[in-house]
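J.: what follows is a predicted structure for the sequence shown.
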Amino acid sequence: MKFIAATLVSVGGATVIILGLAKWFGDFISKRLLDNYKNKHENDLEGIKK
């Protein structure tokens, strides 16, 4: 019984770590993509203004 409990706790802990890293990485990538998209449109707008 202790072995099963220890296995479930370790799998649960690893899952929390993996989900946390996935969320952080997803936020990081989405922010970079959004910044690139914003910069592209700002440069296009500056080109139209000239």
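T.: Happy to help now that I have it. Numbering: from 1, shown residues only.
J.: how about Gly20, what does it touch?
T.: For Gly20, no contacting residues are found, by Cβ atoms under 8 Å, 6 or more residues apart in numbering. Any C-beta I mention is one placed from the backbone N, CA and C, and that applies to glycine too.
J.: which SSE is it in?
T.: Assigned by DSSP states H and E, Gly20 belongs to helix 2-49.
J.: could I get the pLDDT score of Val11?
T.: Listed pLDDT for Val11 reads 79.
J.: neighbours around it, how many?
T.: If you count neighbours by other Cβ atoms under 10 Å, Val11 ends up with 10.
J.: for Leu19, see how far away the residue at minimal distance from the centre of the chain is.
T.: Residue closest to the average C-alpha location in the chain (Cα atoms, centre = their mean): Gly26, at 1.5 Å. Gly26 is 10 Å from Leu19, where distance means Cβ to Cβ, to the nearest Å.
J.: can you check the pLDDT for Ala5?
T.: For Ala5, pLDDT reads 80.
J.: kindly apply the preceding question to Leu45 instead.
T.: pLDDT at Leu45 comes out at 91.
J.: how near is it to Gly13?
T.: 48 Å.
J.: how about Gly47?
T.: Using Cβ to Cβ, Gly47 is found at 52 Å from Gly13.
J.: kindly report the same for Trp24.
T.: From Trp24 to Gly13 the distance is 17 Å (Cβ to Cβ).
J.: tell me the buried residues in stretch 18-27?
T.: The neighbour-count check on stretch 18-27 (16 or more other Cβ atoms under 10 Å) flags nothing as buried.
J.: using PDB, write down the CA coordinates of that stretch.
T.: The C-alpha coordinates for stretch 18-27 follow below in PDB (Å, rounded to 0.1, in the frame of the first residue of the first chain):
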ATOM      1  CA  ILE A  18       5.500  19.400 -16.200                       C
ATOM      2  CA  LEU A  19       2.200  21.400 -16.400                       C
ATOM      3  CA  GLY A  20       3.900  24.400 -14.700                       C
ATOM      4  CA  LEU A  21       6.800  24.300 -17.200                       C
ATOM      5  CA  ALA A  22       4.400  23.900 -20.200                       C
ATOM      6  CA  LYS A  23       2.300  26.900 -19.000                       C
ATOM      7  CA  TRP A  24       5.400  29.000 -18.600                       C
ATOM      8  CA  PHE A  25       6.800  28.000 -22.000                       C
ATOM      9  CA  GLY A  26       3.400  28.600 -23.700                       C
ATOM     10  CA  ASP A  27       3.200  32.100 -22.200                       C
END
